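1. Test case, fold it:
(one chain, ligands or ions: 1)
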Amino acid sequence: MAHSAEPSENVWKKFYGPNMGYVEEQYELYKEDASMVDSSLKEMFDKHGAPKWLDQTSTQSEQISGEFSTSDVRKITSAMKYMDAIRRFGHLEADIYAVGGWDETTNLLDSETYNITDQDLQEIPASWVSDNVPANVENAYDLVQFLRDKYTGKVSFEYDHVNSDEERKWFLNQIESNNTELSFTDVEKKQLLERLINVEGFEHFLQKTFVGQKRFSIEGLESMIPILDQIVKSANGDKVENIMMGMAHRGRLSVLAHVLGKPLDRIFSEFQHAPDKELIPSEGSMGISYGWTGDVKYHFGATRLVENGEASTKIQLAHNPSHLEFVNPIVSGITRAAQDDRTEKGYPKQDYNKAMSVLIHGDAAFIGEGIVPESLNLSGLEGYRTGGSLHVIANNLVGFTTDRKEGRSTRYASDLAKGYEIPIIRVNADDPIACVQAIQIAYDYTRTFKKDCVLDLVGYRRYGHNEMDEPRTTQPELYREIDAHPTVTEIFANQLQEAGIVTDESVKEMKDKAYKDLQSIYDSMKEDALEGVSELKMPNVLASSIENYDTAVPLDDLKKLNADLLERPENFQLFKRLNRVFKRRVDILEEGNKAEWGEGEALAYASILKDGIPIRLTGQDSERGTFAHRHMVLYDTETGDKYCPMHGLEDANASFDIHNSPLSETALLGFEYEYSIQSP
Ligand SMILES: Cc1ncc(C[n+]2csc(CCOP(=O)(O)OP(=O)(O)O)c2C)c(N)n1
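-> Residues are numbered from 1 along each chain as shown. Prediction:
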């Protein structure tokens with residue numbers, strides 16, 4: 001900007017329309033901290049002070065351009081600040097709580113905070129404050145209503161913590177452009193209602209039939225099932241081959257029955273055979289121990305194949321340990337193992353379409369368990385990433401008997417995800433259509449940006465922590481509200497009735513049918529539905545000892561492998577001291593049939609690769625080795641280029657994967673444990 005010799009009046013005259021608002025904002029920033037504004041603006045403010053239209057000596061009505069008065073510009077700036085606030089803070093007023101709304105208020109969404117009235121807004125044409133004016137929107141007031149509708153309704157968004165401009169624009173477009181929203185035909189709405197009736201009917205049936213047994217019912221979060229249905233539908237449409245799922249106790253039976261298609265007679269039979277109820281662990285395990293594993297039946301997973309003629313998608317629900325959230329890295333490990341092609345030398349080739357992961361968390365566990373941030377921290381790292389996991393927080397506002405405000409220092413259970421630049425969508429579980437729309441945005445985001453996304457599904461828990469637990473002793477007020485609150489099925493059925501899509505009779509028919517179907521499965525349940533369950537045997541590899549395996553490798557093979565491992569790319573500049581280390585490795589082997597530790601390990605890996613068995617080696621300082629003995633990844637001292645000698649092995653017949661890990665134990669153990677199980 002060439003303005004240094006110009007008089008101030010001329011300098012300010014160059015700005016008009018919305019640009020004046022921009023300069024005004026920059027001046028506010030400049031007053032706070034001059035280094036925060038662009039250097040040319042800083043120079044201008046240093047020299048000419050406040051923009052002339054902010055100068056108190058200039059009269060309010062003075063026309064500083066042909067079109068805008070000082071007060072017009074102030075109003076435009078205020079309107080823009082107000083609109084921006086709705087986008088950023090709309091979540092604070094969003095209608096996401098079916099019960100138990102948050103009791104703190106905010107003034108961040110009040111027009112007075114931005115010094116603007118409804119009348120002012122009505123006087124500003126929408127095109128002055130927005131580049132993309134939606135249809136039927138004439139002025140800034142309409143625009144504010146439009147934004148309030150989008151950002152403070154049953155779905156709310158937090159993506160201000162995401163630093164990528166591209167991702168932010170994508171989100172803004174998804175939210176504000178009406179044509180990206182999923183729409184539902186009347187038939188689809190009716191199907192959705194029927195699905196909810198079946199979910200609710202299943203829980204009621206269990207409650208009535210197996211009195212006194214714990215089931216960790218989904219009631220209050222029934223919309224989780226249509227959410228999972230939508231993920232499966234979209235993934236299948238995109239030809240994703242595997243959906244790897246992990247979840248804890250809450251709603252697990254419903255997910256097994258409705259999403260994984262676990263036979264209902266099998267589920268009923270497990271209830272029938274449940275042993276001494278007193279010994280059942282708190283999460284609701286149905287049995288005490290299971291074969292040699294010491295595990296419990298309720299924690300077992302399941303698989304299902306979904307086919308639509310063009311593509312098939314396998315859904316796998318991982319076995320779940322009692323230890324909450326530990327399943328997260330396990331599911332990531334399963335997913336990555338399914339994505340990696342280990343058949344060629346070098347690093348494995350990863351294909352995101354082979355698998356995606358879906359994790360369902362408890363609200364208290366998500367923010368409380370350290371393994372959650374550990375696992376989220378893995379999500380963007382080359383050695384661990386899986387192309388974006390979908391997280392659903394089954395948020396029932398309470399953790400066992402612990403209230404939100406006792407269990408976390410943050411407003412939301414999902415706040416933890418912000419540090420990882422993971423966008424968060426929250427949705428009211430009482431609105432199944434909004435739930436399905438919200439998960440579709442989350443799904444599209446993970447597929448587009450290969451990053452995690454969190455859907456915070458906010459509902460409640462119809463009973464206590466389990467059906468035998470009395471929540472009214474610890475959460476009396478909340479449960480007064482819950483007791484008086486209609487189920488999602490009732491709410492949605494009423495809406496569809498008002499819209500003329502269903503009638504009282506058709507809803508009753510659907511409910512009767514759901515009940516009759518369950519009753520007839522129960523009546524015809526075979527006594528032996530659990531047959532075969534206890535036949536799990538310990539795998540041979542664990543049952544036999546190491547002496548039963550022949551591990552010897554001929555010395556000549558070792559020498560050839562060792563020579564190969566000492567090859568380097570042309571002109572590779574190795575750190576000098578390492579030359580000595582590697583020279584010793586030749587000498588020892590040649591001279592006395594000996595080997596040092598690092599060499600022994602390298603030869604072991606090399607011979608395993610020669611046998612065609614892939615290797616994955618990760619952990620803290622894995623590349624160099626904690627005791628500086630390994631040096632499996634070398635760095636060129638000039639260029640910093642990496643070279644892994646294992647990748648140069650002429651005789652290798654499988655991949656060699658090596659990564660340094662973050663300073664974590666549990667998440668990594670889970671990941672690698674399951675990776676090794678999936679890729680024997
Ligand atoms: C690591 C671990 N700590 C504690 C427990 C015991 N426990 C089981 S469920 C539960 C409460 C979980 O609350 P939340 O995550 O909100 O899930 P909800 O049961 O409310 O759906 C606790 C403390 C456990 N199973 N694992």
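2. what about stretch 633-647, distance to the chain center?
-> When distances are taken as Cα atoms, centre = their mean, to the nearest Å, stretch 633-647 is centred 34 Å away from the chain's centroid.
3. what pLDDT does the closest residue to the ligand within the stretch 201-350 of the chain get?
-> Closest contact between the stretch 201-350 of the chain and the ligand, by Cβ to the nearest ligand atom, is at Arg250 (3.3 Å). Where C-beta positions appear, they are placed from N, C-alpha and C, glycine not excepted. Reported pLDDT at Arg250 in the predicted model: 93.
4. what's the answer for Asp587, then?
-> Residue-level confidence at Asp587 comes out at 85, pLDDT.
5. can you confirm it is in a helix?
-> Yes: going by DSSP: H, G, I helix; E, B strand; the rest coil, the assignment for Asp587 places it inside a helix.
6. So what's the residue count around it?
-> Number of residues near Asp587 (other Cβ atoms under 10 Å) recorded here: 10.
7. tell me the contacts of Ile360?
-> Under the criterion of Cβ atoms under 8 Å, 6 or more residues apart in numbering, the neighbours of Ile360 are Met224, Met245, Gly246, Met247, Ala248, Arg250, Gly251, Val255, His391, Val392, Ile393, Ala394.
8. Same check on Phe326?
-> The contact partners of Phe326, by Cβ under 8 Å, 6+ apart, come to Ile371, Thr666, Gly670.
9. so who does the first one touch?
-> The contact partners of Ile371, taken as Cβ under 8 Å, 6+ apart, are Glu325, Phe326, Asn328, Pro329, Thr666, Ala667, Gly670.
10. out of these, who's nearest Gln207?
-> Out of the contacts of Ile371, the one with the shortest distance to Gln207 is Glu325. That distance is 27.5 Å, counting by Cβ to Cβ.
11. pLDDT score for that closest one?
-> The score at Glu325 is 95. That number is its pLDDT.
12. And for Glu535?
-> As summarised for this prediction, Glu535 has a pLDDT of 55.
13. Could you double-check that the residue of the stretch 201-350 of the chain closest to the ligand lies in contact with Arg215?
-> No: with contact taken as Cβ atoms under 8 Å, Arg250 and Arg215 are classed as non-touching, separated by 10.3 Å.
14. Give me the more crowded residue out of those two.
-> Comparing Arg250 with Arg215 by neighbour count (other Cβ under 10 Å), the higher total belongs to Arg250, at 27 against 24.
15. That one belongs to a helix?
-> No: the assignment for Arg250 (three-state DSSP) gives coil, which keeps it out of a helix.
16. List the residues that contact it.
-> For Arg250, the contacting residues are Phe216, Ile218, Leu221, Ile360, Gly362, Ala394, Asn396, taking Cβ under 8 Å, 6+ apart as the criterion.
17. Phe300 versus the residue in the stretch 551-680 of the chain positioned nearest to the ligand, what's the distance?
-> Using Cβ to the nearest ligand atom, Thr666 is the residue of the stretch 551-680 of the chain that sits closest to the ligand, at 10.1 Å. Distance, Thr666 to Phe300, using Cβ to Cβ, to the nearest Å: 22 Å.
18. same thing with Val436?
-> Spatial separation of Val436 from Phe300 under the definition Cβ to Cβ is 28 Å.
19. Ok, Lys583 next?
-> Lys583 sits 54 Å away from Phe300, taking Cβ to Cβ as the criterion.
20. Please say which of these two ends up with more neighbours.
-> Phe300 (20 against 11).
21. so the more buried one sits right up against Gln316, yeah?
-> No: applying Cβ under 8 Å, one finds Phe300 not in contact with Gln316, separated by 11.9 Å.
22. got CSV for the contacts of Ile360, with secondary structure too?
-> Written out in CSV, the entries for these read as follows (three-state DSSP):
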residue, secondary structure
Met224, helix
Met245, strand
Gly246, strand
Met247, strand
Ala248, coil
Arg250, coil
Gly251, coil
Val255, helix
His391, strand
Val392, strand
Ile393, strand
Ala394, strand
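23. Dump these to CSV, plus distance to Asp95.
-> Putting the contacts of Ile360 into CSV (distance: Cβ to Cβ, whole Å) gives the following:
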residue, distance to Asp95
Met224, 19
Met245, 29
Gly246, 30
Met247, 26
Ala248, 27
Arg250, 23
Gly251, 23
Val255, 26
His391, 22
Val392, 19
Ile393, 18
Ala394, 19
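24. Among those residues, which one sits closest to Leu41?
-> Using Cβ to Cβ, His391 is the member of the contacts of Ile360 that sits closest to Leu41, with 41.1 Å.
25. quick one, what contacts the residue in the chain positioned nearest to the ligand?
-> The ligand sits closest to Gly362 of the chain, with a gap of 2.0 Å, by Cβ to the nearest ligand atom. For Gly362, the contacting residues are Ala248, Arg250, Leu324, Glu325, Ile393, Ala394, Asn396, Gly399, taking Cβ under 8 Å, 6+ apart as the criterion.
26. Now for those: which two are most distant?
-> Maximum distance among the contacts of Gly362 (Cβ to Cβ): 15.8 Å, for Glu325 and Asn396.
27. higher neighbour count, the two?
-> Set side by side, Glu325 and Asn396 show unequal neighbour counts under other Cβ under 10 Å, the larger going to Asn396 at 27 against 24.
28. ok, that one to Gln272 distance?
-> Asn396 sits 28 Å away from Gln272, taking Cβ to Cβ as the criterion.
29. Could you report the pLDDT at the most centrally placed residue in the chain?
-> If you average the C-alpha coordinates of the chain and look for the closest C-alpha using Cα atoms, centre = their mean, you land on His391, 3.2 Å from that point. Turning to His391, the model gives it a pLDDT of 98.
30. about what we covered before: quick check: the residue of the stretch 201-350 of the chain closest to the ligand vs Asp431, distance?
-> Counting by Cβ to Cβ, the gap from Arg250 to Asp431 is 20 Å.
31. ditto for Gly212
-> Distance, Gly212 to Asp431, using Cβ to Cβ: 33 Å.
32. on that earlier part again, would you turn the contacts of Phe326 into JSON lines with secondary structure and pLDDT?
-> JSON lines is the format used below for those (DSSP: H, G, I helix; E, B strand; the rest coil; pLDDT from 0 to 100):
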{"residue": "Ile371", "secondary structure": "helix", "pLDDT": "94"}
{"residue": "Thr666", "secondary structure": "helix", "pLDDT": "86"}
{"residue": "Gly670", "secondary structure": "helix", "pLDDT": "91"}
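33. Val633: how many residues sit nearby?
-> Using other Cβ under 10 Å, Val633 is surrounded by 17 other residues.
34. Look up the closest residue to it, ignoring the ones flanking it.
-> The spatial neighbour of Val633 that comes closest, neighbours along the chain excluded (Cβ to Cβ, 6 or more residues apart in numbering), is Glu623 at 3.8 Å.
35. hang on, that neighbour packs against Tyr635?
-> No: under the criterion of Cβ under 8 Å, Glu623 makes no contact with Tyr635, lying 9.3 Å away.
36. Tell me where the stretch 501-650 of the chain is predicted with low confidence.
-> Flagging of the stretch 501-650 of the chain using pLDDT under 70 yields the residue ranges 526-537, 541-542, 545-546.
37. would you list every one of the helices in it?
-> For the stretch 501-650 of the chain, the helices defined by DSSP state H, counting those that start in this stretch cover 504-523, 540-543, 555-565, 576-592, 597-610.
38. mind putting those in JSON lines, distance to the ligand included?
-> Formatted as JSON lines, these follow (distance: least, Cβ to the nearest ligand atom, whole Å):
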{"stretch": "helix 504-523", "distance to the ligand": "24"}
{"stretch": "helix 540-543", "distance to the ligand": "26"}
{"stretch": "helix 555-565", "distance to the ligand": "43"}
{"stretch": "helix 576-592", "distance to the ligand": "43"}
{"stretch": "helix 597-610", "distance to the ligand": "34"}
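39. Quick one, which of those helices gets closest to Arg385.
-> With Cβ to Cβ, the closest approach to Arg385 among the helices of the stretch 501-650 of the chain belongs to helix 597-610: 23.8 Å.
40. Before I go, just wanted to say thanks for your time.
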